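Predicted model and sequence below, questions to follow.
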Amino acid sequence: MCALLLPASLAAQTVGLPITYRSVTSGFESAVDLGFDSHGFRTVAGTGTVTLGHIVAEGMKLPLLNVSATAARVAAGGNLPAGWAVGANVAFLNSLTIGAGYARMGSTQRMHIPLSAVLPLATCAGPRGAFIFYGVPIWNFEHASDPLANVWERSWGSLNAGVLLELRSGLGLQLGGGRPFRHAPDSLNDRWVFGIGVHYARHGIARGEPLQTSICHVGL
């Protein structure tokens, strides 16, 4: 149960999807997400996450690094062109994360570098599975290029939040959303973004010795 009080890894962020919580503690996890936002973007993405190394702290086995990669197809709204995006994240000790993403929408190319950390706000575990409610503060850096410009945008902050539900089988559901709260450089970034998806982790947060009763923890 104690491992549930520690943050899980973060999946890569791409255009049209928020950064989401992941439950892999060792081995490999796969996920499929559907994203949408307030500007009409629709995104379909696949993500794989692998654990590299581990440490033992107070009797608990923690992943040293979680590395995830995401590929997405983006259908834009209005007169904006459709495109595609790829991203990768590296999470240290299940929390502090640096990512990199690349998106191409018509003649516009964007490189996005998010720095983030997980704040697990509520966790519950029981005989059937586990539940986590989380927040993710993010600081973003982005380079944009098109036929008329090639610039680094001013950095900005954003905040994601969501829930993760996982059964003891390793099958789970993730829901998330986010919005910039400071200095978003343009309308592509200054928007609400939502995502819903399913995942499977052979060694997820709900695996291990089954609990006889449900236990919950609120706060960091």
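Thanks, I have it.

so Pro81 touches Ala75, yeah?
No: judged on C-beta atoms under 8 Å, Pro81 makes no contact with Ala75 at a distance of 9.8 Å. Placement of C-beta: from N, CA and C, glycine included.

More neighbours: the two, which one.
Ala75 (15 against 12; other C-beta atoms under 10 Å).

and that one, what does it touch?
41-43, 82 (C-beta atoms under 8 Å, 6 or more residues apart in numbering).

Try it again at 6 Å.
By C-beta atoms under 6 Å, 6 or more residues apart in numbering, the residues touching Ala75 are 42, 82.

Okay, it and Gly40: tell me how far apart.
From Ala75 across to Gly40, the span is 9 Å (C-beta to C-beta, to the nearest Å).

Quick check, Leu65 in contact with His54.
No: using C-beta atoms under 6 Å, Leu65 is not in contact with His54, being 9.2 Å away.

in the chain, which segments are predicted with low confidence?
The model of the chain has pLDDT under 70 over residues 1-16, 21-23, 39, 56-62, 77-80, 184-190, 204-212, 219-220.

looking at it, which residue lies furthest from center?
Leu148 (31.9 Å; C-alpha atoms, centre = their mean).

Return the distance of that residue relative to Thr108.
Counting by C-beta to C-beta, the gap from Leu148 to Thr108 is 10 Å.

Arg179 now?
In terms of C-beta to C-beta, Arg179 sits 21 Å off from Thr108.

Off-centre distance for stretch 168-181?
Averaging C-alpha positions (C-alpha atoms, centre = their mean, to the nearest Å) puts stretch 168-181 8 Å from its chain's average.

Residues touching it, excluding its own?
The contact list for stretch 168-181 (C-beta under 6 Å, 6+ apart) reads 18, 20, 129, 156-160, 162-166, 189-190, 192-202, 204, 206.

where exactly do the strands run in the protein?
Counting by DSSP state E, the chain has these strands, from start to end: 28-37, 42-57, 60-75, 83-92, 96-105, 108-116, 119-125, 129-146, 149-152, 156-167, 171-182, 193-201, 215-218.

for the closest residue in space to His183 that isn't next to it in sequence, which residues make a bridge with it?
Excluding the flanking residues, the one nearest His183 by C-beta to C-beta, 6 or more residues apart in numbering is Trp156, at 4.0 Å. Per DSSP bridges, the residues bridged to Trp156 are Asn140.

what comes up buried for stretch 107-122?
Using 16 or more other C-beta atoms under 10 Å as the test for burial, stretch 107-122 gives 108, 110, 112, 114, 116-118, 120.
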